[in-house]
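[1] sequence below, structure please.
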Amino acid sequence: MTPDSDPRALGAFLKARRSQLTPRDCGLPEPETARRVTGLRREEVARLASISVDYYTRLEQGRVRASAPVLITLARALRLDDDQQRYLHELAGRADALPRRRRPPQRLRPAMRRLLAQLTATPALVLGKRLDILAWNPAATALFTDFEVIPADKRNYLRLLFTNPAVRELHDNWEHDAREAVAALRMEAAADAGDPDLSRLVGDLSVQDPDFRTWWAEHHVNSATYGTKRYRHPRVGKLTLDCDTWASPDGSGQRLMVLTAEPGTPSHDALLILTSWAAERISP
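    Down below sits the predicted model:
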């Protein structure tokens, strides 16, 4: 029994839940005579969950701890919704055994879309959770790569840094930038350690790249929202750009990343060439 488990509260919850269900709710035949109990009998719950009546009775009485597989069958038998399932597992001290669910797709906030549309003279990206690339402007395509041809489930800033040769070659100080990105993802992981998509990303990159595996294991974290990026672009040569990131205030985890250059510098002139080239590509 774990310190978090509460056998009596678990038993009370099971009893309350079965009292709220009828045989018809659970696909059982209707009784021919009047019932003396409200809801399902213990015997019926045990039958639906494929466990013995004695075992179920001891669960309700708080005399035995439920295993994770039993909790899953009980949740199914008692028609528990997601919140009720989590509550059941927490009462039993088995919250870590809850099956991981895939998160719904991230949707670009309208305000972020409008901001991005107004940034025409500088590269900009909208990053979501796990540094997923949710949107970009033509200037970002001209600087980085054609994001449109990359499958949506692979369109991740960190993944591209480690697995896309063109993006990797673009960064003049790739190791520094890659380490900073890993540290940023580490910071995010602390707030959402149960995210299965995050686990999948970390697992993929750990297998594919020994540097990522080493740096992830070092547990460095970074929450910086600004810095300097140096690039070697195949068309316009070297660029030194200020990188600023603004977080959405709604808690969605979406961030607008904008790259700018000081006016009058060679990098600013190079950006003008890039944005001009990007505008020509999308002109009718």
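[2] so what's the residue count around residue 271?
    Neighbours of residue 271 under the rule other Cβ atoms under 10 Å: 25. C-beta here means a position set from N, CA and C on the backbone, and glycine is covered the same way.
[3] go on, residue 142?
    For residue 142, the count of nearby residues is 23 (other Cβ under 10 Å).
[4] ok, it - contacts?
    Contact partners of residue 142, counting by Cβ atoms under 8 Å, 6 or more residues apart in numbering, are 123, 274, 275, 277, 278, 281.
[5] report pLDDT for the nearest residue to residue 157 once chain neighbours are set aside.
    Nearest residue to residue 157, sequence neighbours excluded (Cβ to Cβ, 6 or more residues apart in numbering): residue 131, at 4.2 Å. Residue 131 carries a pLDDT score of 95 in this model.
[6] contact partners for residue 131?
    Neighbour list for residue 131: 156, 157, 158, 181, 184, 185, 188 [criterion: Cβ under 8 Å, 6+ apart].
[7] so which helix or strand takes in residue 230?
    strand 226-233 (DSSP states H and E).
[8] and that strand, what does it pack onto?
    Here strand 226-233 touches helix 165-170, strand 237-247, going by 3 or more Cβ pairs under 8 Å, 6 or more residues apart in numbering; DSSP states H and E.
[9] that older thread, how about the contacts of residue 131 in TSV, adding secondary structure?
    TSV is the format used below for the contacts of residue 131 (DSSP: H, G, I helix; E, B strand; the rest coil):
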residue	secondary structure
156	strand
157	helix
158	helix
181	helix
184	helix
185	helix
188	helix
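[10] and those, which is closest to residue 9?
    Of all those, residue 188 has the smallest distance to residue 9: 33.8 Å, by Cβ to Cβ.
[11] just the ones of the contacts of residue 142 in helices?
    In this view, these that belong to helices under DSSP state H are 274, 275, 277, 278, 281.
[12] which one of those has the most neighbours?
    For the ones in helices among the contacts of residue 142, the largest number of neighbours (other Cβ under 10 Å) sits with residue 274, at 23 neighbours.
[13] that one and residue 241: what is the separation?
    Distance, residue 274 to residue 241, by Cβ to Cβ, to the nearest Å: 11 Å.
[14] quickly list what's touching both of those two.
    residue 123.
[15] nearest residue to residue 233 other than its sequence neighbours?
    Using Cβ to Cβ, 6+ apart, the closest residue to residue 233 is residue 239 (5.9 Å).
[16] the one you found contacts residue 230, doesn't it?
    Yes - between residue 239 and residue 230 there is a contact under Cβ atoms under 8 Å: 7.1 Å.
[17] out of the two, which sits in the more crowded spot?
    residue 239 (24 against 16).
[18] quick check: pLDDT value at that one.
    pLDDT, residue 239: 97.
[19] residues in contact with it?
    Neighbours of residue 239 in contact, by Cβ under 8 Å, 6+ apart: 143, 229, 230, 231, 232, 233, 261, 267, 270, 271.
[20] swap in 7 Å and give it another go.
    Applying Cβ atoms under 7 Å, 6 or more residues apart in numbering to residue 239 gives the contacts 231, 233, 267, 270.
[21] which pair of those spans the longest distance?
    233 and 267 (10.1 Å).
[22] what are the buried residues along stretch 15-29?
    By neighbour count on 16 or more other Cβ atoms under 10 Å, the buried set for stretch 15-29 is 17, 18, 21, 23, 26.
[23] pLDDT weak spots in the stretch 1-150 of the chain?
    Within the stretch 1-150 of the chain, the stretches with pLDDT under 70 are 1-6, 31-34, 37, 96-103.
[24] can I assume residue 125 sits in a strand?
    Yes - the assignment for residue 125 by three-state DSSP puts it in a strand.
[25] what distance do you get for it to residue 22?
    Applying Cβ to Cβ to residue 125 and residue 22 gives a distance of 54 Å.
[26] so where do the strands sit in the stretch 51-200 of the chain?
    Ranges of strands within the stretch 51-200 of the chain are 124-127, 133-136, based on DSSP state E, counting those that start in this stretch.
[27] out of these, which one sits most buried?
    strand 124-127 (a mean of 24; mean count of other Cβ atoms under 10 Å).
[28] many thanks, I have nothing further to ask.
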